[in-house]
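[1] give me a model of this one.
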Amino acid sequence: MLKRSISKHPIAFLNITQFLGALNDNVFKYLIVFLLINLFGVAASTDILFWVGVIYVLPFLLFSSNAGILADRFSKQRLIIALKLLEVLIMICGIIAFAYQNSIGLYILLFLLSLQSALFSPPKYSIIPELVERKSISKANGIITSATYLAIIVGTFLASFITQISNENFVLSGLVCLLIAAGGFATSFFIPHVEPRRTKQKMTPLFIRTIFHTLSHCREVPYLLTAIIGAAFFLFVGAFFQLNIIPFAINSLGMDKVGGGYLFLVCAIGIAIGAHLCGKISHKQVEIGLSCLAGIGMTLTLIGIYFLQFSLIGVISALFFIGFMGGFFVIPFDSFVQTYSKGHHRGQVIAANNFISFCGVLFAPLTIYLVSGFLGLSAATGFLVIACLVLLFTLFLFFRASSLLLNFIARHMVLPLWKARIPVKIQQPAIRISHFRTLVFVWASTPFSRLYMHRPKHAFFGFIFKLFDSIEYISKLEEQKLDHTLKIYWHPVQKKLKELPLATLSTKAGRRTLLIKKNS
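    As a prediction, the model looks like this:
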């Protein structure tokens with residue numbers, strides 16, 4: 001019965017295992033913060049939070065590359081089991097450190113726990129395409145990401161709760177962490193076994209060179225590097241939010257720092273719900289177009305936070321909505337990286353993704369310092385600055401991934417408006433198009449497409465079209481060299497578009513001709 005359930009829901013135990021791991025990371029981290037504040041006083045809390053943050057991020061920067069190589073060399077399921085055992089051992093040492101209230105020991109254990117998480121991330125994400133069908137990757141990522149943010153919410157609450165009910169008995173609180181780690185270790189045995197990829201790539205201390213080499217290979221796959229940058233940008237925005245929300249709550253809403261923490265939880269709830277719904281809506285396809293549209297929603301909501309800064313209800317609503325949009329923003333990027341990275345290098349690609357993402361996390365406090373410290377702007381204005389950055393990145397995404405955006409708009413907006421379906425899958429390398437409606441049909445059926453057109457006579461339109469990565473200008477001589485074996489035309493008199501085969505369409509002579517060609 002259990003085997004049947006595992007085969008039917010292959011990522012169920014992976015999700016439970018990573019949920020317990022993310023939960024334990026947050027509980028243990030906050031327990032360390034609470035104990036250190038008790039030891040050194042509230043006045044030292046800023047320094048404590050700074051060093052806890054730096055120590056937690058460092059392993060992701062130093063060891064992500066080699067973690068990816070391990071994920072590609074060994075069985076990802078066996079690697080996950082070994083890493084969950086390491087987590088149990090760290091928690092046992094943590095209980096001892098809590099008993100002796102050894103601050104140095106706690107910092108070392110936090111570094112080791114973060115190292116375990118850094119090693120765990122590549123096999124956790126790269127195993128997903130090996131457990132589920134390609135069409136289910138977006139849905140699986142929605143579930144995983146939703147569970148991760150739920151773990152952050154529960155972990156933040158649980159750390160405070162068990163500290164309070166145990167009367168700050170940190171040894172007892174450490175036992176709770178040990179039980180959580182033991183639960184994750186137990187569930188890891190039920191993750192389906194996958195065969196190792198046995199990559200010949202060797203681990204090296206020169207991790208920067210390895211990451212640069214991996215990112216160079218990512219450029220060979222259309223939009224893969226763009227997806228990696230998008231995921232990193234999302235973590236940058238999230239880290240900025242987490243740091244900026246507390247001074248915003250104090251200065252604009254008159255709340256204390258605890259209230260500011262609860263405001264971030266509202267945003268995390270929005271991300272969890274948005275990520276889960278995005279996975280369901282994406283269904284069988286990775287939808288980068290959703291990220292483009294979600295970027296617009298995030299920009300408008302960030303601007304709304306600035307204008308609603310003195311309204312608690314308005315801010316809570318805006319924070320939930322920006323988290324909701326954030327879930328739709330990040331899931332397509334994560335899914336794209338897992339779907340289109342090459343199988344024998346997938347772990348290394350995800351490791352490089354982690355490295356770039358945590359560089360974004362480190363860049364967030366620098367941005368806070370620049371906005372608040374150097375420029376002297378308020379926390380509310382800081383959100384307005386981030387709104388401008390999100391808008392700029394969304395515009396970059398519009399132009400850089402324009403064929404994916406246009407494919408999404410054609411399939412989900414234009415064709416339903418016309419009450420039409422995608423008539424046929426386009427297999428030919430190049431197709432002659434002579435009407436806008438046919439162009440929409442082709443874009444709807446070929447997400448990785450490139451449009452070749454004659455340069456517009458008006459300079460303004462020539463400049464705008466040139467910004468789109470999926471549009472290139474072509475001369476009449478170059479047009480003749482393209483292999484357009486199938487000519488598709490549109491008949492202006494035909495009104496019934498529903499299920500009309502493209503090959504049957506015809507046109508009158510003399511109409512303007514465009515060419516569309518698939519990316520190789």
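
[2] quick one: low-confidence parts of the stretch 201-350 of the chain?
    By pLDDT under 70, the weakly predicted segments of the stretch 201-350 of the chain are 201-207, 256-261, 283-284, 343-344.

[3] just the helices in it please.
    207-218, 224-253, 257-282, 288-307, 312-340, 346-368 (DSSP state H, counting those that start in this stretch).

[4] make CSV from these and add mean neighbour count and distance to Phe98 to it.
    C-betas here are computed from N, CA, C, even on glycine. Below are those laid out as CSV (neighbours: other CB atoms under 10 Å; distance: least, CB to CB, whole Å):
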stretch, mean neighbour count, distance to Phe98
helix 207-218, 17, 32
helix 224-253, 22, 25
helix 257-282, 20, 23
helix 288-307, 22, 39
helix 312-340, 24, 33
helix 346-368, 23, 27
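
[5] against Ser160, how distant is Leu395?
    41 Å (CB to CB, to the nearest Å).

[6] check Phe60 and give its pLDDT.
    You'll see Phe60 listed with a pLDDT of 83.

[7] list the contacts of it.
    Ser114, Ser117, Ala118, Ser121, Asn354, Phe355, Ser357, Phe358 (CB atoms under 8 Å, 6 or more residues apart in numbering).

[8] in which helix or strand would I find the closest residue to the last one other than its chain neighbours?
    When you say that, I think you mean Phe358. Distance criterion CB to CB, 6 or more residues apart in numbering; nearest residue to Phe358, sequence neighbours excluded, is Phe60 at 4.2 Å. According to DSSP states H and E, Phe60 maps onto helix 45-73.

[9] that helix versus helix 346-368: what angle between them?
    Helix 45-73 and helix 346-368 are oriented at 160 degrees to each other (axes from the mean of the first three to the mean of the last three CA atoms, to 10 degrees).

[10] next one: helix 45-73 to chain centre, how far?
    With CA atoms, centre = their mean, to the nearest Å as the basis, helix 45-73 stands 18 Å off its chain's centre.

[11] may I see the buried residues of that helix?
    By neighbour count, with 16 or more other CB atoms under 10 Å as the criterion, the buried positions of helix 45-73 are 48, 52-53, 55-73.

[12] cool, and stretch 145-158?
    In stretch 145-158, counting by 16+ other CB under 10 Å, buried: 145-156, 158.

[13] out of those, the closest to Lys342 would be?
    Thr145 (22.9 Å; CB to CB).

[14] doesn't Phe329 make contact with the closest one?
    No. Here Thr145 does not reach Phe329: they are 10.9 Å apart, not a contact under CB atoms under 8 Å.

[15] secondary structure element for Asn167?
    Going by DSSP H and E, Asn167 is not in any helix or strand.

[16] so what's the residue count around it?
    Other residues within reach of Asn167, judged by other CB atoms under 10 Å, total 7.

[17] for it, phi and psi?
    Main-chain dihedrals, Asn167, degrees, to the nearest 10: phi 60, psi 40.

[18] per-residue pLDDT, it?
    For Asn167, the model assigns a pLDDT of 85.

[19] got JSON lines for the helices of the stretch 201-350 of the chain, with distance to Gly382 too?
    Output for the helices of the stretch 201-350 of the chain, formatted as JSON lines (distance: least, CB to CB, whole Å):
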{"stretch": "helix 207-218", "distance to Gly382": "30"}
{"stretch": "helix 224-253", "distance to Gly382": "5"}
{"stretch": "helix 257-282", "distance to Gly382": "13"}
{"stretch": "helix 288-307", "distance to Gly382": "9"}
{"stretch": "helix 312-340", "distance to Gly382": "14"}
{"stretch": "helix 346-368", "distance to Gly382": "7"}
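
[20] and the ones you listed: which comes nearest Leu178?
    Comparison of those against Leu178 by CB to CB identifies helix 257-282 as nearest, at 25.2 Å.

[21] the closest one vs helix 312-340, what angle?
    50 degrees.

[22] helix 257-282 versus helix 288-307: what angle between them?
    150 degrees.

[23] look up how far Val27 lies from the residue nearest the centre of the chain.
    By CA atoms, centre = their mean, the chain has its centre lying nearest to Val330, at 3.4 Å. When distance is defined by CB to CB, Val330 is 24 Å away from Val27.
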